[in-house]
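> need coordinates for the following:
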Amino acid sequence: MKIDSWIFKVFFYLYVILITLFYIKELPIEVNIIKDYSFNLDHLVIFCILGILTQVLKLYNNDIYIFLGLIFSLFIEFVHLILPYRSFEFIDIVYNVLGYIIGIYFIVIAKKYLWKNY
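Numbers count the residues shown, from 1 in each chain. Predicted structure coming up:
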């Protein structure tokens, strides 16, 4: 295994753990957020980075990645149902999966047009 691949795998798994911890932690009481859909851009960006990392690792085909991204997003949101200090929102699942797909296809397009020898 090349060192670059090993570093990406470690970074990927640490990123998944950090996302999970971030989304299940309790928010401070003084945080009072008015919910609008522009606030969900954090979901889009975080999962876009995750999609980029999975595509760089390229262990499976894109359909498997999209399925795994959907499962991970569903897992996080259903954990929010269990936790009394978090709330389930369907729009979060949409932004998570959309960001994940954007990240995957960003690398696919970049490889096709920018990094032709990659």
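
> how about low-confidence regions in this protein?
Residue ranges of the chain with pLDDT under 70: 1-4, 27-39, 59-60, 62, 116-118.

> that one: helices as residue ranges?
Listed in chain order, the helices of the chain (DSSP state H) span residues 3-24, 41-57, 62-82, 90-113.

> give the other helices and strands that the first one contacts.
Yep, that's helix 3-24 we're talking about. Using 3 or more Cβ pairs under 8 Å, 6 or more residues apart in numbering; DSSP states H and E, the elements in contact with helix 3-24 are helix 41-57, helix 62-82. Glycine gets a C-beta too; all of them are placed from N, C-alpha and C.

> which one of the ones you listed is the most hemmed in?
Across the helices and strands packed on helix 3-24, averaging neighbours per residue (mean count of other Cβ atoms under 10 Å) puts helix 41-57 on top, at a mean of 19.

> off-centre distance for that helix?
Here the centre of mass of C-alpha atoms in helix 41-57, compared against the chain's by Cα atoms, centre = their mean, to the nearest Å, lies 5 Å away.

> show me what contacts the closest residue to I46 other than its chain neighbours?
Spatial nearest neighbour of I46, excluding adjacent residues (Cβ to Cβ, 6 or more residues apart in numbering): I19 at 6.1 Å. Counting by Cβ atoms under 8 Å, 6 or more residues apart in numbering, I19 makes contact with 46, 50, 76.

> list the contacts for the residue positioned nearest the centre of the chain?
With the centre of the chain defined as its mean C-alpha position, the nearest residue by Cα atoms, centre = their mean is F47, 2.4 Å away. Contact partners of F47, counting by Cβ under 8 Å, 6+ apart, are 69, 73, 95-100, 103.

> quick check on the residues you listed: which are buried?
With neighbours counted by 16 or more other Cβ atoms under 10 Å, those contain buried members at 69, 73, 95-100, 103.

> in CSV: the residues you listed, plus distance to L14.
Compiled in CSV, the buried ones among the contacts of F47 are given as follows (distance: Cβ to Cβ, whole Å):
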residue, distance to L14
G69, 17
S73, 19
Y95, 22
N96, 19
V97, 22
L98, 23
G99, 19
Y100, 18
G103, 17
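
> closest one of those to F8?
The shortest gap between F8 and any of these belongs to G103, at 14.0 Å (Cβ to Cβ).
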